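Chemist: Sharing a model that was predicted from the sequence below.
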Amino acid sequence: MKNIDLKKIPHISEITAQHGSFTGTPVKPKETFLERMGSKNKVVPSLEEAIRLSGLRDGMTISFHHHFRNGDYVVNMVVEQIAKMGIKNLTLAASSLTDIHAPLIEHIKNGVITHIETSGLRGKLAEEVSRGLMDFPIVFRSHGGRAAAIESGELHIDVAFLGAPSCDPYGNANGYNRDEENATCCGSLGYAKLDALHADKCVIITDHIVRFPNTPYGIPESNVDYVVKVDSIGDPKGIMSGATRFTKNPKELLIAKTAADVIEASGYFYDGFSMQMGSGGASLATARYLREKMIEKNIHARFALGGITGQIVEMHEEGLVDKILDVQSFDLIAANSLKNNRFHQQIDASVYASYLNRGAAVNELDFVVLSALEIDTDFNVNVMTGSDGVIRGAIGGHPDTAAGASLSIVVAPLTRGRIPTIVDKVNTIVTPGSVVDVVVTDQGVAVNPARPEIKELLEAAGLPVTTIEALRDRCTRIVGKPEPIKYKDRIVGVVMYRDNTVIDVIHEIDEE
Amino acid sequence: MKRLRRSMLFVPGNNPGMIRDAHIYGSDSIMFDLEDSVSINEKDAARFLVYNALSSLRYGNKELVVRINDLSSGLGIQDLEAIVRAKPDVIRLPKTECAQDVIDCEREIERIEREAGIPVGTTGMMAAIESGRGVLNAMEIAFASKRLIGIALGAEDYVTDLKTVRSDGTELFFARCMILNAARAAGIDALDTVYSDVNNEEGFIKEARLIRQLGFDGKSVINPRQIPPLHQVFMPSEKDLIKARAVIEAAEEAERRGSGVISLNGKMIDKPIVTRARYLLDLAEAASVTPVEEV
């Protein structure tokens, strides 16, 4: 080392206060990279060890993602282990929960889980919650609302347990595997990324440890504390199907065709537009009709956002969609595209939809096509509770995209069996009517009176435009007026709007 | 405007969901089926379902047709007893072999109309021809009743009767021409058979073009997805429409002048050309409007 007299350097105390090296600077290694990777890694021998090392204790908040959908083993596995270790009173904050998480019922009864935050609930767990399983109401947040809650500290995550189909020993994790072809795969880790970034401790649970560097990664090692290898993180069949089935239901196709016609006539269909298609047969099918119009008119989309399907990927590969922003991949085609296509970008929940992120992609949308269980004459939308009052859905990005997009289109059949879709008051308000612009049904289109210019354009294009009240009347004429659902006073769920205000509450159902 | 019958949507009479939504797909006619799409142990359930649908649901301006079972089966008479009272536009008679089949059916319809206090003649009829004998008797069938609004080809039974199978349409050519000419002779509509391979849109369009070129008024469809391509085939070209409008203007001009002779650009226009022009404009109008029907 050269002998430098530090005192001769002017302003030395402002250049460096330490006057010495950082602590822990490593000595120059001599082993090969392969040898080092074995010794200095974050892999711990068991999930139990990871939980112990994370410092998890009573009353803390644990988080999970829902990229494995109904094939997820991680939530049940982790909570089971935590229960065995005797830790209690936890808040479980998942980006969403589904049918497969029914075992949580026992852990709620045993006091392991006392609070839940999620985008949605389905199956047995949802039914039990609706019957008053928990003392503390479930907090439902949209994907963008959850992102904002995490970023603002409103939702503080102590330990994130994040499943990943591949991870290197340093913690670089991904939603697919580049080293093996037939490994578990979920595509984007969009919701997990934000949890990893903000959690105090982050544990990656994987079934495939791959060699460093697992690039390009979804979650960087700098956000990861421990890595656990388990035999299986999920059931591939439940995680995703090969390709999102294209609906052949003529009613859904009719609705989709009308939605595409609405988009074309709305003024938001121009060369360089941006779009998102929600899940659900009709909204997904809208993409196919749009594609035909894009080819016919020789226009292309600048970007497609959201939950991404094979349909969007196909349009990207055909040159109809320049870029894909993917917070969640819906099928294997989408997941493989994320792996292989340069302009198919994985984004986190904040970049997707956070209320607090000025750069959120939802704010750049021209239009979004969304599904609904119920829509009322004020254009409020329910995607959460069924006609029996039981929780059976998820907010997802519904209010985020509706609020962000210049044109939000909600598609739904006028009736489902004997259940009316257009009603006086929705059961549960998830997306407020103030951000819902057009409702497309199989028996007519209604435009929010706040958007008279859209109504004019649709009428000029010869579309079957009517009023929301007329749709409701038609609905009532076909299926009649259902008896009001009986609820108890007790509140079992609180629906948060994306700005962190309470937009609605869900009551315990009264089955007596 | 004459009623268009470009498309007649088949709806199984025992499927409540499809019965309820049958009018949303834009077909010109809806045909509720009590015959081949309903299994024998569902016959009475389907009959009551269709009766109640016709009596209580609203289908806007769609033409409502009910295909009954043939009278010789014993089911047909029960179908008529129920359905005529629900006042559909048309009763479709299956497997029509000769004029007597139509006459027998009409007698029963008339009796039920009288019993139910429905003005006699309210219920229209159409006859489906589904055998070699029926095809050869197409002419007498077409003239058998004033109630007939059209005759139709039922190809599946017909090709079986001929000991062949459906292919490119060669096997149906004679029957189609017979039925079409018989219908035209009687001044009623000629309606083509179904195309059963729902997923083969290309094949469907090819067949639709063929029957349109032959002169058929329309075709039965078994899936709502077949309706838009079918209507597209019947949509006149812009060039034809411009010509048709000019012909109609010339005809109106001649009428104003009180002249029987219509001329356009120095050429004389015959009456058939005016009729055809009017038909083309009707087709175009039907395609251009998609109002929310008050149902």
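Modeler: Here it is on my side, so go on.
Chemist: could you give me the average pLDDT of stretch A:269-286?
Modeler: Stretch A:269-286 shows a mean pLDDT of 92.
Chemist: So which bits of it are buried?
Modeler: The neighbour-count check on stretch A:269-286 (16 or more other Cβ atoms under 10 Å in any protein chain shown) flags A:269, A:273-286 as buried. Where you see a C-beta, it was placed from the backbone N, CA and C, and this is true even at glycine.
Chemist: Kindly tell me how buried residue B:166 is, as a neighbour count.
Modeler: Residues within reach of residue B:166, counting by other Cβ atoms under 10 Å in any protein chain shown, total 18.
Chemist: Now it. Nearest residue, chain neighbours left out?
Modeler: Excluding the flanking residues, the one nearest residue B:166 by Cβ to Cβ, 6 or more residues apart in numbering or on different chains is residue B:159, at 5.4 Å.
Chemist: Same question for residue A:367.
Modeler: residue A:407 (4.1 Å).
Chemist: And for residue 244, the neighbour number?
Modeler: This is for chain A. 21.
Chemist: please go with chain B instead
Modeler: Neighbours around residue B:244, by other Cβ under 10 Å: 22.
Chemist: can you tell me which residues contact it?
Modeler: Neighbour list for residue B:244: B:236, B:276-278, B:280-281 [criterion: Cβ atoms under 8 Å, 6 or more residues apart in numbering or on different chains].
Chemist: Okay, and residue 274 sits in which element?
Modeler: If you meant another chain, say so; for now it's chain A. In the assignment (DSSP states H and E), residue A:274 maps to strand A:273-277.
Chemist: meant chain B, my bad for not saying
Modeler: Residue B:274 belongs to helix B:271-288 when assigned by DSSP H and E.
Chemist: what's that helix in contact with?
Modeler: Identification of contacts with helix B:271-288 by Cβ under 8 Å, 6+ apart yields A:462, B:1-2, B:4, B:6, B:28, B:231, B:234-236, B:240-241, B:243-245, B:247-248, B:251, B:262.
Chemist: Kindly recompute the last result at 6 Å.
Modeler: B:1, B:4, B:231, B:234-236, B:240-241, B:244, B:247-248, B:251 (Cβ atoms under 6 Å, 6 or more residues apart in numbering or on different chains).
Chemist: Now do that helix, average pLDDT.
Modeler: 84.
Chemist: so how far is that helix from its chain's centroid?
Modeler: 18 Å (Cα atoms, centre = their mean, to the nearest Å).
Chemist: in it, what's buried?
Modeler: For helix B:271-288, a neighbour-count test (16+ other Cβ under 10 Å) marks B:273-274, B:277-284, B:286-287 as buried.
Chemist: Then stretch A:202-222?
Modeler: Of the residues in stretch A:202-222, A:202-210, A:212, A:214, A:217-221 count as buried by neighbour count, 16+ other Cβ under 10 Å.
Chemist: ditto for stretch A:422-432
Modeler: Quick answer for stretch A:422-432 (16+ other Cβ under 10 Å): A:422-423, A:426-432.
Chemist: what do you get for stretch A:337-352?
Modeler: Buried-residue list, stretch A:337-352, by 16+ other Cβ under 10 Å: A:337-339, A:341, A:344-352.
Chemist: Among these, which lie within helices?
Modeler: Applying DSSP state H to those, the entries found in helices are A:337-339, A:349-352.
Chemist: Throw those into a markdown table and include pLDDT, thanks.
Modeler: What follows is those, written out as a markdown table (pLDDT from 0 to 100):
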| residue | pLDDT |
| --- | --- |
| A:337 | 96 |
| A:338 | 96 |
| A:339 | 94 |
| A:349 | 98 |
| A:350 | 98 |
| A:351 | 98 |
| A:352 | 98 |
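Chemist: Please identify the residue of the stretch 301-450 of chain A positioned nearest to chain B.
Modeler: residue A:444 (4.1 Å; Cβ to the nearest Cβ).
Chemist: what's the burial count for that residue?
Modeler: Quick note: residue A:444 (other Cβ under 10 Å) scores 24 neighbours.
Chemist: same deal with residue B:261?
Modeler: 8.
Chemist: circling back to that earlier point, so which of the contacts of helix B:271-288 are in helices?
Modeler: Per DSSP H, the subset of those in helices is B:231, B:234, B:240-241, B:244, B:247-248, B:251.
Chemist: Output the set of residues of chain A in proximity to chain B.
Modeler: Contact residues, chain A versus chain B (Cβ under 6 Å from any Cβ of the partner chain): A:250, A:442-444, A:462, A:464, A:466.
Chemist: Could you list which of these belong to helices?
Modeler: Per DSSP H, the residues of chain A next to chain B map to helices at residue A:250.
Chemist: Give me the buried entries from the residues of chain A next to chain B.
Modeler: Burial by neighbour count, 16+ other Cβ under 10 Å: within those this picks out A:250, A:442-444, A:464, A:466.
Chemist: Next, residue B:196: secondary structure please.
Modeler: Following DSSP: H, G, I helix; E, B strand; the rest coil, the label given to residue B:196 is coil.
Chemist: and of the buried residues of stretch A:269-286, the nearest to chain B?
Modeler: Looking across the buried residues of stretch A:269-286 and measuring by Cβ to the nearest Cβ, the closest to chain B is residue A:285, at 11.7 Å.
Chemist: So which residues make contact with the helix or strand where that closest one lies?
Modeler: According to DSSP H and E, residue A:285 maps onto helix A:281-297. Helix A:281-297 has contacts (Cβ under 6 Å, 6+ apart) with A:247, A:252-253, A:255-257, A:259-260, A:264, A:277, A:311, A:315, A:320, A:369, A:371, A:411.
Chemist: how about 8 Å then?
Modeler: By Cβ under 8 Å, 6+ apart, helix A:281-297 touches A:244, A:246-247, A:249, A:252-253, A:255-257, A:259-261, A:263-264, A:269, A:275, A:277-278, A:300-301, A:309, A:311-312, A:315, A:318, A:320, A:369-371, A:411-413.
Chemist: same thing with stretch B:44-59?
Modeler: A:477-478, B:12-14, B:16, B:19-20, B:22-23, B:30, B:32-34, B:38, B:64, B:66, B:78-79, B:82-83, B:85-88, B:295.
Chemist: Buried members of those into ChimeraX, please.
Modeler: The following ChimeraX line selects those of the contacts of stretch B:44-59 that are buried, judged by 16+ other Cβ under 10 Å:
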select /A:478 /B:12,13,14,19,20,22,23,30,32,33,34,38,64,66,78,79,82,83,85,86,88
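Chemist: hang on, the earlier thing: unless I'm mixing things up, the residue nearest to residue A:367 is touching residue A:458, no?
Modeler: No - the criterion here is Cβ atoms under 8 Å, and residue A:407 misses it with residue A:458 at 10.9 Å.
Chemist: Quickly list what's touching both of those two.
Modeler: Common neighbours of residue A:407 and residue A:458 (Cβ under 8 Å, 6+ apart) are A:266, A:438.
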